[in-house]
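# I'll drop the sequence and a predicted model, then ask my questions.
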Amino acid sequence: MAPEPNPGVDGPLFKRALLGSLSWLSANHEEVNRLNVFPVPDGDTGTNMLLTLQSAVEDIRESDAAEVSKIAKLASHGSLMGARGNSGVILSQIFRGFARAVEGKSSLTPAELATAFEEAANAAYRAVNKPTEGTILTVAREAGRAAAAAAATPGATIPRVIAAAADGARAAVLKTPSQLQILRDAGVVDAGGFGLQVILEGMLKTVEEAESSNGALVTSRSAAPVASQVAVALPEEGWGYCTEFLIEGSDLDLDVIKNQIEALGNSVLVVGEPELVKVHVHTDDPTRVIALAGRYGKLLKLNVGDMSTQHRRILEDEGQAARAPRPNGVGIVAVVAGRGLVDIFRGLGVDAIVEGGQTMNPSTQDMLTAIESVPYEEVILLPNNKNVILAAKQVLGLTKKKVHVIETHSVPQGVAAVVAFRADRQGAENLAVMKAEAERVHTIEVTHAVRDTRSNGLKVKKGDVIGLINDRLEANGSGYAEVVNKALGKLAGTFELITVYRGKDASDDEMAQLESAIRSQYPSLEVEVQQGGQQHYPFILSVE
């Protein structure tokens, strides 16, 4: 006699469904990353969503709660604290809306599940000041509507409702290029929407398999969660990221794996058998280690610990203890990546640094921890990156401190804001002046295109030197000096000072050529050079 199917979604089934979603997103997150429109190295959508979902799962992993409401509440909290990037924050709001919709419920009927999907989408829309159609928001809404339609049909079941949600998401994703010009130009669908589609598909696979086997979880595809793209300058030799994982495969050559990983870090340990290898390494670029290991087999039990941040927090605490308190009682926290930039912000009086920015969007928890460490009850937070702003705003509801987020989109804007801060001015006056100074600065970011794309009328090939002005792709070419002068030529107005923040990989010759080209083209401008040490962006320019 066939087992009787589970009629509703209780706590254990919802927990298994989320584990299945994580497994499926882990296996497909690089597909999501490849859909990113901008050709710049950044905190990719798929990685940010994966880490956010992983944080949600970490909060439910040890729970044996029978009620779906309790599992949903834990997942909501975990996703919020681990939210990274705009896509991760929106995903956390989807979890939040779902949890509120199922509050007090032990299990969900098909109709209640559909309502929860709809409320999840509504919560995500409410969290965004100016919702844009053709994004993950649209996909969430259409998934909820499709689920509601399925729940209203005779004989509706939980798998059918989830299947309808996944199908609705897929159909909405395919329509996104018709809703957003930037997607049409790049020839892709929306990355965040596709990520949500993958999450729903993973949930569907798990629920169908659980029902067919009377609750036993079977996954046909799985992959270990992947760490964020982290590659930052070490504060001193010997620190970095403690990276550990298992490689599951066949005929694994321990010596070959060890030799390759030793080239990427120190304190290397590679032990095990041809079918299962344990790896431990201290590295400043865990992404490269993970990518290398992933070629040998499936990664399990991945853990990346930031020793650099832990060490810096000790130093910060020591520094704060010695620093005289400010008369206005206001602290400053900034999100920064790069040894030189960290030193610059520290020298300007910033109380705590959150390591992150491009390629490494910090989580809400990271920023909350930094704010709580500052010995002031009023704190100004500078995200210094457009993909960090939304996560930064989530901190406001998580602390008793009075937190102000100044929406700085770049390092130059952050520097301008900090310089404008005065310890003898009260919070409101400081905020107004800092915001005005940040907006006065133009930022030019120079990097290499990581993918072919078309944006803002420019056709860009992978490897091209590109220049972004205030987050907008405006110039491309074959050399740094060429692209910088093109970008400067597009700025309207009168300027007096250019500050060049030199990246970690920019050579002395490249720096000299760029400085000479700027002085030759713009002899009346004062040019300053600072050692930024940032990864991925050879040069960042502040124009004011």
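Right, received. Where do you want to start? Residues are numbered from 1 along each chain as shown.
# was I right about Leu302 contacting Ala293?
No - counting by CB atoms under 8 Å, Leu302 stays clear of Ala293, with 9.2 Å between them. (Glycine included, C-beta is placed from N, CA and C.)
# which neighbours do these two share?
Counting by CB atoms under 8 Å, 6 or more residues apart in numbering, the contacts common to Leu302 and Ala293 are Phe245.
# out of these two, which sits in the busier spot?
The neighbour comparison of Leu302 against Ala293 (other CB atoms under 10 Å) goes to Ala293, with 25 against 20.
# quick one: that one from Gly192, how far?
27 Å (CB to CB, to the nearest Å).
# pLDDT below threshold where in this protein?
1-7, 37-43, 211-242, 267-269, 271-272, 301, 303-324, 357-359 (pLDDT under 70).
# what's the helix or strand hosting Lys258 packed up against?
In the assignment (DSSP states H and E), Lys258 maps to helix 254-262. When contacts are defined as 3 or more CB pairs under 8 Å, 6 or more residues apart in numbering; DSSP states H and E, helix 254-262 sits against strand 266-273, strand 276-283, helix 286-294.
# Ok, which of those comes nearest Ala165?
Among the helices and strands packed on helix 254-262, the nearest to Ala165 by CB to CB is helix 286-294 (30.2 Å).
# by contact count, what packs against the closest one?
strand 241-248, helix 254-262, strand 276-283, strand 298-306.
# what angle separates the helix holding Lys258 from strand 276-283?
Angle of helix 254-262 versus strand 276-283, following axes from the mean of the first three to the mean of the last three CA atoms, to 10 degrees, is 20 degrees.
# my guess is Val173 meets Ala143, correct?
No - using CB under 8 Å, Val173 is not in contact with Ala143; the gap is 9.8 Å.
# ok, those two, which is more surrounded?
Neighbours per residue (other CB under 10 Å) separate Val173 from Ala143, with Ala143 holding more: 32 against 26.
# Can you give me every residue that contacts the more buried one?
By CB under 8 Å, 6+ apart, the neighbours of Ala143 are Phe117, Ala121, Ala165, Ala166, Gly168, Ala169, Ala172, Leu196, Gln197, Leu200.
# shared neighbours, Val173 and Ala143?
Listed contacts common to Val173 and Ala143 are Gln197; contacts here mean CB under 8 Å, 6+ apart.
# before we move on, back to that, do you know which of the helices and strands packed on helix 254-262 lies nearest Ser55?
helix 286-294 (17.2 Å).
# and Gln413, what does it touch?
Counted by CB under 8 Å, 6+ apart, Gln413 has contacts Asn384, Ala438, Glu439, Val441, Thr443.
# returning to what we had before: can you lay out the helices and strands packed on helix 286-294 as a markdown table showing distance to Ala75?
Formatted as a markdown table, the helices and strands packed on helix 286-294 follow (distance: least, CB to CB, whole Å):
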| stretch | distance to Ala75 |
| --- | --- |
| strand 241-248 | 24 |
| helix 254-262 | 34 |
| strand 276-283 | 29 |
| strand 298-306 | 20 |
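# among those, which is nearest Ala352?
strand 298-306 (14.5 Å).
# Once you drop chain neighbours, what's closest to Met434?
Ala417 (4.1 Å; CB to CB, 6 or more residues apart in numbering).
# what's near enough to touch Lys70?
By CB under 8 Å, 6+ apart, the contact list for Lys70 reads Gly11, Ser63.
# if we go to 10 Å?
By CB atoms under 10 Å, 6 or more residues apart in numbering, Lys70 lies in contact with Gly11, Phe14, Lys15, Ile60, Ser63, Asp64, Ala99, Val102, Glu103, Lys105, Ser106.
# that older thread, so the residue nearest to Met434 sits in a strand?
No - in this structure, Ala417 is helix, not part of a strand, as judged by DSSP: H, G, I helix; E, B strand; the rest coil.
# sorry, back to before: Ser178: which of the contacts of Lys70 is nearest?
Ala99 (32.5 Å).
# give me the element the closest one is part of.
Going by DSSP H and E, Ala99 is in helix 85-101.
# and the next helix-or-strand element following that helix, what does it pack onto?
With elements assigned by DSSP H and E, the helix or strand that comes after helix 85-101 is helix 110-127. Contact partners of helix 110-127 among helices and strands, from 3 or more CB pairs under 10 Å, 6 or more residues apart in numbering; DSSP states H and E: helix 68-81, helix 85-101, helix 136-151, helix 158-179, helix 191-212.
# how far does helix 110-127 sit from the chain's center?
Distance of helix 110-127 from the chain centroid (CA atoms, centre = their mean, to the nearest Å) equals 24 Å.
# Please apply the same query to stretch 364-376.
18 Å.
# what comes up buried for it?
Thr364, Gln365, Asp366, Met367, Leu368, Thr369, Ala370, Ile371, Ser373, Val374, Tyr376 (16 or more other CB atoms under 10 Å).
# Looking at those residues, which are in helices?
Those of these mapping onto helices are Thr364, Gln365, Asp366, Met367, Leu368, Thr369, Ala370, Ile371, Ser373, per DSSP state H.
# can I get those in CSV with distance to Thr206?
CSV is the format used below for those (distance: CB to CB, whole Å):
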residue, distance to Thr206
Thr364, 27
Gln365, 27
Asp366, 30
Met367, 32
Leu368, 31
Thr369, 33
Ala370, 36
Ile371, 37
Ser373, 39
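# Quick check: Ala123 vs Arg141, distance?
11 Å.
# nope, Asp10 is what I was after
26 Å.
# So those two - more neighbours on which side?
For Asp10 and Arg141, the more surrounded residue by other CB under 10 Å is Arg141, and the numbers stand at 22 against 18.
# and Gly331, what are its phi and psi?
Main-chain dihedrals, Gly331, degrees, to the nearest 10: phi -100, psi 170.
# Can you spell out which residues form a bridge with it?
Gly331 has the following beta-bridge partners by DSSP bridges: Val379.
# now the contacts of Gln413 in JSON lines, with secondary structure, distance to Gln260 and neighbour count?
Output for these, formatted as JSON lines (DSSP: H, G, I helix; E, B strand; the rest coil; distance: CB to CB, whole Å; neighbours: other CB atoms under 10 Å):
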{"residue": "Asn384", "secondary structure": "coil", "distance to Gln260": "35", "neighbour count": "30"}
{"residue": "Ala438", "secondary structure": "helix", "distance to Gln260": "44", "neighbour count": "24"}
{"residue": "Glu439", "secondary structure": "helix", "distance to Gln260": "47", "neighbour count": "16"}
{"residue": "Val441", "secondary structure": "coil", "distance to Gln260": "43", "neighbour count": "22"}
{"residue": "Thr443", "secondary structure": "strand", "distance to Gln260": "38", "neighbour count": "22"}
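# which residues sit in contact with Gln521?
Gln521 neighbours (CB under 10 Å, 6+ apart): Ala481, Val484, Asn485, Leu488, Gly489.
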